[in-house]
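Peer 1: Starting from these lines, generate the structure:
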Amino acid sequence: MKISDNKFIDYFINAITAENGISYNTQIAYRNDLIGFLKFLKNNQSKDYFSFFTHVKEKQIIDCIENWKQKLYSPKTINRKLSSINHFMSWMVEDGYRDDNPCQNLDAPKLPYNLPKSLSENEMVKLLENCNIFEFPDNLRMKVSIEILYSCGLRISELLSLHKSNIDLKQKIIILKGKGGKERIVPITSMAVKEIIKWNEFCHKQGSFDSFQFLSENQRKFTRQKFNKNLKKIALTSGINIEKVSAHTIRHSFATHMLNRGADLRSLQLLLGHADISSTQIYTKTRPERLSGLLNTVHPLAMNRKKD
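Peer 2: Residues are numbered from 1 along each chain as shown. This is a model prediction of the structure:
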């Protein structure tokens, strides 16, 4: 039985969702990357195949990468698209639709090394204090959102998908399903608990008993776009550069501040939900002055010289 390319995409996404529990946003990203690649193949192929995916060669993928570069796609975007195609082709080989993966010998473009942006502790306090630039209940929604993000180091997708059943206020913990459907437990600060209680009281008055989701006036889900837009307004009021402020910046700030105050890398890895500790280690490079201070304080030679 012949299978169309669009069906191949459907089968692939269903398979990896069942196997890895990928999020809806990740499903959309895979689909968009593969549909874009299919469109390129159709527009640049001399022959008309029922399935282009079963006939694609390495040379065509190289040509597609060059096309992305001409469109000025960033190395990060190109890497993501290439990763989607590589994963898809590997699945086709595993399920017997192809004999080879045409991506296996291709190198991804090198990414520029950028340290994660983070805010100072004082800037985070200002963001929390200035949520009141919005009227009720937007001020309440932004305050509880920022408190949870900064308290727990959550991803914005994790925050916006929270349900009341994920939150145990007695034990002060949140039970999360992060990337790949992996479950982790993170503690909540007392300040975040207070804001959650305030938000719950508002939800009860509105009749929203079933979910802990940040609703707008029209009962629509609070989106990451809306959150980041509001966050930049708060940053502007707080005298903070809006270019370096986003939901992910708050996650980076959580990690950086935890390390600065003595948290160990392994514990931070668990809190952030990183599969590989190398993802967590990047935060050790964000504050070189801290490492310098640590060296001068702890190193035996430095300590001996102080005594002299």
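Peer 1: Against I146, how distant is L127?
Peer 2: As judged by CB to CB, to the nearest Å, L127 and I146 stand 6 Å apart. Bear in mind the C-beta positions are built from the backbone N, C-alpha and C, glycine included.
Peer 1: which residues do the two both contact?
Peer 2: A shared contact of L127 and I146, defined by CB atoms under 8 Å, 6 or more residues apart in numbering, is any residue touching both; here these are L231, I250.
Peer 1: buried stuff in stretch 144-163?
Peer 2: Going by neighbour count (16 or more other CB atoms under 10 Å), the buried part of stretch 144-163 is 144-156, 158-162.
Peer 1: repeat for stretch 5-25
Peer 2: Residues of stretch 5-25 classed as buried: D5, F8, I9, F12, I13, I16, T17, I22, S23 (neighbour count, 16+ other CB under 10 Å).
Peer 1: before we move on, what about stretch 81-97?
Peer 2: K81, L82, S84, I85, N86, H87, F88, M89, W91, M92, Y97.
Peer 1: Report how many residues lie close to A247.
Peer 2: Here the number of neighbours of A247 (other CB atoms under 10 Å) works out to 19.
Peer 1: residues contacting the closest residue to it other than its chain neighbours?
Peer 2: Nearest-residue entry for A247: I156, 3.7 Å, with adjacent residues in sequence omitted and distances by CB to CB, 6 or more residues apart in numbering. Contact criterion CB under 8 Å, 6+ apart gives L149, R224, F227, A247, H248, R251 as the residues in contact with I156.
Peer 1: Adding secondary structure, pLDDT and distance to N122, write the residues you listed out as CSV.
Peer 2: What follows is the contacts of I156, written out as CSV (DSSP: H, G, I helix; E, B strand; the rest coil; pLDDT from 0 to 100; distance: CB to CB, whole Å):
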residue, secondary structure, pLDDT, distance to N122
L149, helix, 94, 17
R224, helix, 82, 25
F227, helix, 90, 22
A247, helix, 91, 19
H248, helix, 89, 20
R251, helix, 91, 18
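Peer 1: Distance to D276 added to the residues you listed, as a markdown table?
Peer 2: Converted to a markdown table, the contacts of I156 look like this (distance: CB to CB, whole Å):
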| residue | distance to D276 |
| --- | --- |
| L149 | 22 |
| R224 | 24 |
| F227 | 27 |
| A247 | 22 |
| H248 | 18 |
| R251 | 17 |
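Peer 1: Can you tell me which of those is nearest I28?
Peer 2: Looking at these and their distance to I28, the nearest is R224, at 13.2 Å (CB to CB).
Peer 1: all strands of the stretch 151-300 of the chain, in order?
Peer 2: If DSSP state E, counting those that start in this stretch is used as the criterion, the strands of the stretch 151-300 of the chain fall at 167-168, 173-177, 183-187.
Peer 1: counting contacts, what elements does the first one pack onto?
Peer 2: Okay, so that is strand 167-168. Where contact means 3 or more CB pairs under 8 Å, 6 or more residues apart in numbering; DSSP states H and E, strand 167-168 is packed against strand 173-177.
Peer 1: Other residues contacting the strand it packs on?
Peer 2: Everything outside strand 173-177 that qualifies as a contact, by CB under 8 Å, 6+ apart, is 21, 148, 152, 154, 158, 162, 166-168, 183-188, 273.
Peer 1: gap between the helix or strand where K69 lies and the chain center?
Peer 2: Applying DSSP states H and E as the criterion places K69 in helix 58-70. How far helix 58-70 lies from its chain's middle: 27 Å, per CA atoms, centre = their mean, to the nearest Å.
Peer 1: now swap in stretch 254-265 and tell me
Peer 2: 19 Å.
Peer 1: Would you mark the buried spots in it?
Peer 2: Quick answer for stretch 254-265 (16+ other CB under 10 Å): F254, A255, T256, H257, M258, L259.
Peer 1: So which of these are in helices?
Peer 2: The helices, defined by DSSP state H, take in F254, A255, T256, H257, M258, L259 from these.
Peer 1: Let's have those in JSON lines, adding distance to K57 and pLDDT.
Peer 2: Shown next, in JSON lines, are these (distance: CB to CB, whole Å; pLDDT from 0 to 100):
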{"residue": "F254", "distance to K57": "46", "pLDDT": "91"}
{"residue": "A255", "distance to K57": "43", "pLDDT": "88"}
{"residue": "T256", "distance to K57": "45", "pLDDT": "88"}
{"residue": "H257", "distance to K57": "50", "pLDDT": "89"}
{"residue": "M258", "distance to K57": "48", "pLDDT": "88"}
{"residue": "L259", "distance to K57": "47", "pLDDT": "83"}
